[in-house]
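Predicted coordinates and the sequence they were generated for:
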Amino acid sequence: MSKKGLYTKTFGCQMNVYDSQRMGDVLKPLGFADTESPDGAELILINTCHIREKAAEKLFSELGRYRQIKEARERDGERTLIAVAGCVAQAEGEEILRRAPFVDIVVGPQTYHRLPEMVSRLGTDRAPQVDLDFAPEAKFDQLPANEANGPTAFLSIQEGCDKFCTFCVVPYTRGAEYSRPLADVIAEARGLALGGVREVTLLGQNVNAYHGDADGRSANFAELIRRVADIDGIERIRYTTSHPIDMDDDLIAVHGELAQLMPFLHLPVQSGSDSMLARMNRHHKIDLYRGIVDKLLRARPDLKLSTDFIVGFPGETDAEFQATLSFAREMGFVQAYCFKYSARPGTPAAILPGQLSEAIKSERLAALQQVLETNQLVFNESCVDRVMPILFDRPGRKPGQMIGRSPYMQPVHAMVPDHAFGDILDVRIVSARTISLGGELAVPILGSNPSVTHRGANV
Ligand code: SAH
Ligand code: SF4
Ligand code: F3S
């Protein structure tokens, strides 16, 4: 059977990256194989994100491009199906079909295991197929094995959210919190390890709220991590995204116990002001966050943090914003994502009084980003002359160069022979920029390129 081209474009969070891979897996038995370009593809799949207005608008600009491809192929007597998946599909399914009637499939994040039926039905019936049910357990039960594709892999263990931060669409697009059974997660992790995966990132919108069934009792996230660490071949474990109120003592203890658990934690705080956190319905105060970080550092002194901030939430005063700036300085986050508040239809904050102007949001974003970038550069510069274990998983731009990840997720560029792809090698850091490091192998390996000894690797 000749292969049918599947072109996938993914927006949004890592969970969407995982979902896109899984959609590719469910479509494989129908003869679909990934293709690099949408031109000539039989199926164009857009996996969307609804988190901020800009993220959602990207869908419609992409769709205009794909419509032209579809129409051009139709003139040649060929058929291209366009499928919209993910959180915009879930939130705005009807609107998508109204604005873009040439879309063939609208499928939400919980029902993409049904894509093959939807595609097959389009063979006989040309009416658009829409499936926006909420049933995560059914989805995971029906997905085929998650095949390893390189030395690193994502593994979704938990979906949805019951926290209802007032700014956030996730509880509406991904539904109620659901944890996969422990045995299913371990089986998927074992399969990945057998396929050569060395680093696994456990994913969930509230990953540390995990409470999966384990033969009738409930297993917590700490137990799950310990079990994953027992699997032969898994040398690195990461997880994202966590909520501060679910960082319990057992989970903090795991950070001190397991060398495989990387000393880098993404723990979104959103704001440095208690009054702001209350209006955001974050369920935590700044002191709770500080206390967790203290405990984490006692358990794992080399741990570093990254976070998310929102600036310009409705009614954010100058004093509240200053509290965020000083908290960012105090905590010295080594990486952080900072977003302008974006009003999302249907969320409580969208109708709060005191919506701020774009100008104020931009000004605050720039001020906060300056602090965060300084933190990041200071940390990156402190890594120079250190030897770090780097997992090389991507080719670099220059011949002979590869890019790997440090324990702290910093991209590290170094001259490394091709056969070392997927290896974890000791690298001496020789240069630092805000977002990346340059390094050289601490111990040159057989077959290595002579230029590894050349200082000042290109970053
Ligand atoms: N589940 C995670 C993050 C979900 S979304 C958590 O609980 O933290 C990723 C980030 O997007 C959030 O941490 C937040 O900083 C940002 N975000 C969410 N909704 C937003 C909105 N309406 N406007 C701007 N940023 C938003
Ligand atoms: Fe959104 Fe808050 Fe849930 Fe995170 S915890 S997904 S920010 S509602
Ligand atoms: Fe976006 Fe949905 Fe993820 S809204 S951030 S793709 S959960």
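Good, I have the coordinates. Not measured: the values here are computed from a predicted model. Ligands and ions are numbered 1, 2, ... in the order given.

Now stretch 90-99: buried residues?
90, 91, 92, 93, 96, 97 (16 or more other CB atoms under 10 Å). For the C-beta atoms, the positions are set from N, CA and C on the backbone; glycine is no exception.

ditto for stretch 410-418
Buried residues in stretch 410-418, counting neighbours by 16+ other CB under 10 Å, are found at 410, 411, 412, 413, 414, 415, 416, 417.

same thing with stretch 418-432?
Using 16+ other CB under 10 Å as the test for burial, stretch 418-432 gives 420, 422, 423, 424, 425, 427, 428, 429, 430, 431, 432.

can you check stretch 260-276 too?
260-274, 276.

now check that stretch, is it near ligand 2?
No - contact of stretch 260-276 with ligand 2 (CB under 6 Å from any ligand atom) is absent, the minimum separation being 6.8 Å.

and the end-to-end length of that stretch?
End-to-end span of stretch 260-276 (CA to CA, to the nearest Å): 36 Å.

and that stretch, how far from the chain's centre?
On the basis of CA atoms, centre = their mean, to the nearest Å, stretch 260-276 sits 15 Å off its chain's mean C-alpha point.

Same check on stretch 425-432?
Using CA atoms, centre = their mean, the offset of stretch 425-432 from its chain centre is 26 Å.

Also stretch 133-144?
Remark: stretch 133-144 is offset 20 Å from the chain centroid, using CA atoms, centre = their mean.

So what touches that stretch?
Contact with stretch 133-144 is made by 22, 25-26, 28-29, 108, 110-113, 159-160, 175-176, 178, 180, 184, as judged by CB atoms under 8 Å, 6 or more residues apart in numbering.

Okay, buried residues for the lowest-mean-pLDDT helix or strand in the chain please.
Across the helices and strands of the chain, the lowest-confidence element by mean pLDDT, DSSP states H and E is helix 136-142, at a mean of 86. By 16+ other CB under 10 Å, the buried positions in helix 136-142 come out as 136, 139, 140.

Write out the residues of this protein neighbouring ligand 1.
Residues of the chain lying near ligand 1 by CB under 6 Å from any ligand atom: 51-52, 167-168, 170, 205-206, 241, 243, 268, 270, 308, 310, 339, 341-342, 344.

any idea how far residue 367 is from residue 322?
For residue 367, the distance to residue 322 equals 10 Å [CB to CB, to the nearest Å].

out of the two, which sits in the more crowded spot?
A count of neighbours by other CB atoms under 10 Å puts residue 367 above the other of residue 367 and residue 322, at 17 against 14.

Around residue 200, how many other residues sit close by?
Counted with other CB under 10 Å, residues neighbouring residue 200 total 26.

I'd assumed residue 191 was in contact with it.
No - the criterion here is CB atoms under 8 Å, and residue 200 misses it with residue 191 at 10.9 Å.

Closest to residue 247 out of the buried residues of helix 136-142?
Taking CB to CB as the measure, residue 247 sits nearest to residue 136 out of these, at 23.6 Å.

where exactly do the helices run in the stretch 251-400 of the chain?
Counting by DSSP state H, counting those that start in this stretch, the stretch 251-400 of the chain has helices at residues 274-279, 286-299, 318-331, 358-382.

which one of those is the most hemmed in?
helix 274-279 (a mean of 19; mean count of other CB atoms under 10 Å).

Quick one: distance of that helix to the chain centre.
26 Å.

mean confidence score for it?
Mean pLDDT, helix 274-279: 98.

contact partners of that helix?
Under CB under 8 Å, 6+ apart, the answer for helix 274-279 is 166, 270-271, 284-286, 313-316, 320, 323-324, 349, 352.

hmm, 6 Å instead?
271, 285, 286, 320 (CB atoms under 6 Å, 6 or more residues apart in numbering).

which one of these is nearest residue 224?
If you rank the contacts of helix 274-279 by distance to residue 224 using CB to CB, residue 285 comes first, at 27.7 Å.

Do a quick rundown of the strands in the stretch 151-300 of the chain.
Counting by DSSP state E, counting those that start in this stretch, the segments of the stretch 151-300 of the chain that form strands are 152-156, 158-159, 178-179, 199-203, 211-214, 217-220, 236-240, 264-266.

what's the answer for the stretch 351-459 of the chain, then?
Using DSSP E, counting those that start in this stretch, strands in the stretch 351-459 of the chain cover 387-395, 401-405, 411-415, 424-432, 437-441.

Throw those strands into a markdown table and include mean pLDDT and distance to ligand 3, thanks.
Formatted as a markdown table, the strands of the stretch 351-459 of the chain follow (pLDDT from 0 to 100; distance: least, CB to the nearest ligand atom, whole Å):
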| stretch | mean pLDDT | distance to ligand 3 |
| --- | --- | --- |
| strand 387-395 | 97 | 23 |
| strand 401-405 | 97 | 21 |
| strand 411-415 | 97 | 22 |
| strand 424-432 | 98 | 29 |
| strand 437-441 | 97 | 27 |
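
Go through those strands and name the closest to ligand 2.
When the strands of the stretch 351-459 of the chain are compared by CB to the nearest ligand atom, strand 401-405 sits nearest ligand 2, at 24.3 Å.

Extract the CA atoms of the closest one and return them as CSV.
This file holds the C-alpha atoms of strand 401-405, laid out as CSV (Å, rounded to 0.1, in the frame of the first residue of the first chain):
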residue,chain,number,x,y,z
GLN,A,401,28.1,19.7,15.9
MET,A,402,25.3,18.3,18.1
ILE,A,403,22.9,19.9,20.5
GLY,A,404,22.2,18.3,23.9
ARG,A,405,20.4,19.1,27.1
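
Can you name the residues in contact with that strand?
Residues outside strand 401-405 that contact it (CB under 6 Å, 6+ apart): 390, 391, 392, 394, 395, 396, 411, 412, 413, 415, 416.

Please work out how many residues are found near the residue in the stretch 351-459 of the chain positioned nearest to ligand 3.
Of all residues in the stretch 351-459 of the chain, the one sitting closest to ligand 3 is residue 409 (18.0 Å; CB to the nearest ligand atom). Other residues within reach of residue 409 by the criterion other CB under 10 Å amount to 15.

list the contacts for the closest residue to it other than its chain neighbours?
Using CB to CB, 6 or more residues apart in numbering and skipping the chain neighbours, the partner closest in space to residue 409 is residue 264 (5.7 Å). Neighbouring residues of residue 264 by CB under 6 Å, 6+ apart: 304, 408, 409.

let's see 10 Å
Contact analysis of residue 264 by CB atoms under 10 Å, 6 or more residues apart in numbering lists 238, 240, 300, 302-306, 334-335, 405-410.

For the stretch 201-350 of the chain, which residues are neighbours of ligand 3?
Counting by CB under 6 Å from any ligand atom, the stretch 201-350 of the chain sits next to ligand 3 at residue 205.

which residue does the stretch 201-350 of the chain bring closest to ligand 3?
Ligand 3 sits closest to residue 205 of the stretch 201-350 of the chain, with a gap of 5.8 Å, by CB to the nearest ligand atom.
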